[in-house]
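Peer 1: all I have is the shape, not the residue letters:
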Ligand code: PEP
Ligand code: MG
């Protein structure tokens, strides 16, 4: 038995035979071409075929359609093919020129600081591999016909791989590369398949057909487990599968506490690509649409009003209940190539989110116009991130008013009455919550940031992670103050940070009077289940007790015994 460790990105336990997937690399001959025109024609044919394939995948792609929409957008951006043509003009053959241009772009993405942007390198890598396989005739269809239930082990799984793979037979996934925001992680989470990425020893330390046991929460991979481990893991797998089946019933169940308080469970989404998975998980509303992903998917230029309008309209049409669209939240750990920000000493305390939007009103106005117009197709709400002052809220509302006036003057249809709310994710906003609530249509507490700003503990710094916790008394008080101010002013209060799906803290949130729980898609059923099991009255008493405690230890002990 050999134990390897990676990052668990989709929880669950699985024991099965390994299917080691090794992608055949296309052979690129680096020969000088005498006839550039012929090479360009060859490239154009392959390129058109690839666009055709990607279009088909985006039309039939279900959960992953938007990934392929993004691929199509990359291919249709004229600068890419022009770059390849330029290299052909300098004497390279079609495959060599395409390989070089697309590898350079993939390397560019891979070198960026932002995790999401780094994951976009995989998109470019995927398109490069596909284009080269068309140009050189290499092909690989191993994933389409898996030999029964297997744990898929690979260096990397690209979107086009996950698209064709026979998911009914995939009991687990282990990759050498990847991160929590790689496509393979997102797809595994959406399908509730246990998955582990960043497992350095893969695929070399397992062989095809070898028994493998994985734990998608802890990131453990047991290659050829001993009998005792295999039996223990198989029992856990059974429990996991049983629970996954049980949770399916929550798809159509409303979340109502045991004493009859109705609470909303909403999905956090990154764009239209998540619609199907969110609906399948039983989310009828969206509490956080992180629009920055739309901007990140368009590396060369900011998405224009029409592109944004289309994306927001798709989401508006898809959900019965309201969809909260968060305006551009860039900066901090999220960078855009199309909007470079100067290097900062403290990016999380720097030029980010609403601060950028109020400085670059042209960008903000374009987004607001697109959201207001898309509001005609459903119930959209605008949410402003990183608010620290009342002035910011007022200034943002002036821009929103300007957008309304422009659209009116142009005779364009738009939602004239769209609610505008804020994220409460800074201590400054909590301190001014009463005043902010008077001018906001709703609050949504962003615990991911509120925790770091309250505890002065960077959300990505492992060495001080013990401070970055929702169970810290100051964080609990911040949350309660924000909810109380919302209640006092008669506006709804939601939470869209990860804490909203934390089973231990949920009773405290219910007790404080939180109305909406917006959680990642995979957590929707379990959050509903938890809410249905708690009593609002007992939770109120619990919250009161917790707010009087001094230490995290005491908080945890009270929560564990609840
Ligand atoms: C938050 O800060 O809690 C939040 C939801 O926003 P993000 O994680 O995108 O910063
Ligand atoms: Mg935030």
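Peer 2: Received it, and whenever you're ready, just let me know what you need. Remember, it's a predicted structure, so these values are computed and weren't measured experimentally. Ligands and ions are numbered 1, 2, ... in the order given.
Peer 1: okay, now residue 545: neighbour count?
Peer 2: 14 (other C-beta atoms under 10 Å). C-beta here means a position set from N, CA and C on the backbone, and glycine is covered the same way.
Peer 1: isn't it right up against residue 558?
Peer 2: Yes. Applying C-beta atoms under 8 Å, one finds residue 545 in contact with residue 558, separated by 6.0 Å.
Peer 1: ramachandran angles for the spatially most central residue of the chain?
Peer 2: Of all residues in the chain, the one closest to the mean position by C-alpha atoms, centre = their mean is residue 270, 5.2 Å from it. The phi/psi pair for residue 270 (degrees, to the nearest 10) reads phi -110, psi 0.
Peer 1: ok, now the one 10 residues further on?
Peer 2: According to degrees, to the nearest 10, the main-chain angles of residue 280 amount to phi -60, psi -30.
Peer 1: that one against residue 251, yeah?
Peer 2: Yes. Using C-beta under 8 Å, residue 280 is in contact with residue 251, at 7.3 Å.
Peer 1: list the residues that contact residue 267.
Peer 2: Going by C-beta atoms under 8 Å, 6 or more residues apart in numbering, residue 267 touches 274, 278, 281, 283, 285, 286, 287, 518, 519, 520, 521, 524.
Peer 1: can you rerun that using 10 Å?
Peer 2: Residues counted as contacts of residue 267 (C-beta atoms under 10 Å, 6 or more residues apart in numbering) are 274-275, 277-279, 281-289, 319, 323, 496, 518-524.
Peer 1: so which bits of the helix or strand bottoming out on mean pLDDT in the chain are buried?
Peer 2: Here the helix or strand of the chain ranked lowest by mean pLDDT, DSSP states H and E is helix 159-164, holding a mean of 75. By 16 or more other C-beta atoms under 10 Å, the buried positions in helix 159-164 come out as 159, 160, 161, 162, 163.
Peer 1: and what of stretch 522-535?
Peer 2: Quick answer for stretch 522-535 (16+ other C-beta under 10 Å): 522-532, 534-535.
Peer 1: what helix or strand does the residue lying closest to residue 283 once chain neighbours are set aside sit in?
Peer 2: Spatial nearest neighbour of residue 283, excluding adjacent residues (C-beta to C-beta, 6 or more residues apart in numbering): residue 267 at 3.6 Å. In the assignment (DSSP states H and E), residue 267 maps to strand 262-269.
Peer 1: quick check: neighbours of that strand in the sheet, parallel or antiparallel?
Peer 2: strand 255-256 (antiparallel), strand 286-290 (parallel), strand 516-520 (parallel) (DSSP bridges).
Peer 1: what packs against the longest helix seen in the chain?
Peer 2: As assigned by DSSP state H, the longest helix anywhere in the chain is helix 36-60. Applying 3 or more C-beta pairs under 10 Å, 6 or more residues apart in numbering; DSSP states H and E, one finds that helix 36-60 makes contact with helix 65-76, helix 78-89, helix 94-110, helix 115-136, helix 159-164.
Peer 1: now render those helices as JSON lines, adding distance to residue 205.
Peer 2: Output for the helices and strands packed on helix 36-60, formatted as JSON lines (distance: least, C-beta to C-beta, whole Å):
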{"stretch": "helix 65-76", "distance to residue 205": "29"}
{"stretch": "helix 78-89", "distance to residue 205": "37"}
{"stretch": "helix 94-110", "distance to residue 205": "24"}
{"stretch": "helix 115-136", "distance to residue 205": "22"}
{"stretch": "helix 159-164", "distance to residue 205": "21"}
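Peer 1: what residues does residue 241 make contact with?
Peer 2: Contact partners of residue 241, counting by C-beta under 10 Å, 6+ apart, are 12, 13, 14, 171, 192.
Peer 1: repeat for residue 457
Peer 2: Shown in contact with residue 457 (C-beta under 10 Å, 6+ apart): 451, 463, 464, 465, 466, 467, 468, 469, 472.
Peer 1: so which of the residues you listed belong to strands?
Peer 2: Of the contacts of residue 457, none are assigned to strands by DSSP state E.
Peer 1: out of these, who's nearest ligand 1?
Peer 2: Proximity of the contacts of residue 457 to ligand 1 (C-beta to the nearest ligand atom) peaks at residue 451, which lies at 8.0 Å.
Peer 1: just the terminal-to-terminal distance for stretch 348-365.
Peer 2: The stretch stretch 348-365 measures 24 Å between its terminal residues, going by C-alpha to C-alpha, to the nearest Å.
Peer 1: buried residues of that stretch, list them for me.
Peer 2: 348, 352, 353, 354, 355, 356, 357, 358, 363, 364, 365.
Peer 1: now do stretch 292-301
Peer 2: Within stretch 292-301, the residues scored as buried using 16+ other C-beta under 10 Å are 292, 293, 294, 295, 296, 297, 298, 299.
Peer 1: skipping adjacent residues, who's closest to residue 154 in space?
Peer 2: Closest to residue 154 by C-beta to C-beta, 6+ apart is residue 21, at 4.2 Å.
Peer 1: dump the residue contacts of the one you found.
Peer 2: So residue 21 contacts 140, 142-143, 146, 150, 152-157, 161, 165, 173, 175, 203, 208 (C-beta under 10 Å, 6+ apart).
Peer 1: just the buried subset of the contacts of residue 267, written out for ChimeraX, thanks.
Peer 2: In ChimeraX, this line selects whichever of the contacts of residue 267 come out buried by 16+ other C-beta under 10 Å:
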select :274,275,277,278,279,281,282,283,284,285,286,287,288,289,319,323,496,518,519,520,521,522,523,524
